[in-house]
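Enquirer: Any chance you can model this:
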Amino acid sequence: MGKIIAIANQKGGVGKTTTSVNLAASLGVLEKKVLLIDADPQANASSGLGIDVENVEVGSYQVIEHSSTPKEAIITCSAPNVDIIPAHIDLVAIEIELVDKENREYMLKKALESIKDDYDYIIIDCAPSLGLLTLNALTAADSVIIPIQCEYFALEGLGKLLNTIKSVQKIHNPELDIEGLLLTMYDSRLRLSNQVVEEVQKHFNDMVFETVIQRNIKLSEAPSFGESIINYDATSKGASNYLSLAEEIINKNK
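Expert: You can find the predicted model right below:
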């Protein structure tokens, strides 16, 4: 039975999509069967794996509103062992359309029941908000990874996200776990980066992944070629960081 992991933080620019794409690709390289679900209207995870988002006819929008099955939306991508349910700008409308629906927080969870057993891991790239889309992802997920960038405002908004996770656990998904907090965009030369790492580790102890994702130019370049870091430059620091994260998650879930 597959494990569903949501990658969430309402702050933009913290490395959610970079993590979703490269963690999925790294798990694939380690011979796990992975499905990546792009649940962000910006569709960056889709374009980051070479999908032409303008021509997506069936994607996460149709899956969440139950007009298509997940199987109809799945596309095989260039990363080995990785499939994707892409997003399209249409997804922007889903928040408004779900408002009147009964059990609107459970739409994604219900949709994924039919395919959960086909994969080892299902990774959901969440939108940078705490709206209905993210709520659907957290209700469907078994656990959540929270990327935190090693910068000045890193911990701002984290309390709000943790409260949202608590209320999802209480009301919609008592099984939801925090898989871990992931420190991203780390630059060892900067005192501030080191301070943020110390601060987060001090406050959250075991909740923090041992792997830290370092700032890496190749990580920024890879999406413009429609490739994961593993395909784009397997020898880069970014590739080695994400492989190490994938191994940590596999070991944790043994």
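Enquirer: What ranges does the protein have for its strands?
Expert: 3-7, 34-39, 75-76, 82-85, 121-126, 143-149, 177-186, 208-214 (DSSP state E).
Enquirer: Out of those strands, which gets nearest to Gly13?
Expert: When those are compared by C-beta to C-beta, strand 143-149 sits nearest Gly13, at 7.1 Å. The C-beta positions use only the backbone N, C-alpha and C, and glycine is treated the same way.
Enquirer: what separates the spatially closest residue to Ala239 that is not a sequence neighbour from Ile171, distance-wise?
Expert: Residue nearest to Ala239 in three dimensions, not counting chain neighbours: Ile229, with 4.7 Å by C-beta to C-beta, 6 or more residues apart in numbering. Counting by C-beta to C-beta, to the nearest Å, the separation of Ile229 from Ile171 is 37 Å.
Enquirer: and what of Val14?
Expert: 26 Å.
Enquirer: Which one's more surrounded, the two?
Expert: More crowded of Val14 and Ile171, by other C-beta atoms under 10 Å: Val14, with 25 against 11.
Enquirer: got the contact list for that one?
Expert: Residues in contact with Val14 (C-beta atoms under 8 Å, 6 or more residues apart in numbering) are Pro147, Ile148, Gln149, Thr184, Met185.
Enquirer: Return the distance of the longest helix seen in the chain from the chain's centre.
Expert: Criterion DSSP state H: the longest helix present in the chain is helix 237-252. The chain centroid and the centroid of helix 237-252 are separated by 14 Å under C-alpha atoms, centre = their mean, to the nearest Å.
Enquirer: do stretch 218-228 as well
Expert: The chain centroid and the centroid of stretch 218-228 are separated by 17 Å under C-alpha atoms, centre = their mean.
Enquirer: Ok, which of the strands of the chain comes nearest Leu49?
Expert: Taking those one by one with C-beta to C-beta, strand 82-85 is closest: 5.8 Å.
Enquirer: and that closest one, average pLDDT?
Expert: When pLDDT is averaged along strand 82-85, the result is 96.
Enquirer: Quick one: the helices in the stretch 51-200 of the chain, in order.
Expert: In the stretch 51-200 of the chain, the helices defined using DSSP state H, counting those that start in this stretch lie at 60-64, 70-73, 94-98, 107-112, 132-140, 158-171, 191-204.
Enquirer: quick one: which of those is nearest Gly180?
Expert: When those are compared by C-beta to C-beta, helix 191-204 sits nearest Gly180, at 9.0 Å.
Enquirer: Residues in contact with the closest one: which ones?
Expert: Under C-beta under 8 Å, 6+ apart, the answer for helix 191-204 is 148, 150-152, 154-155, 181, 183, 185-188, 208, 212.
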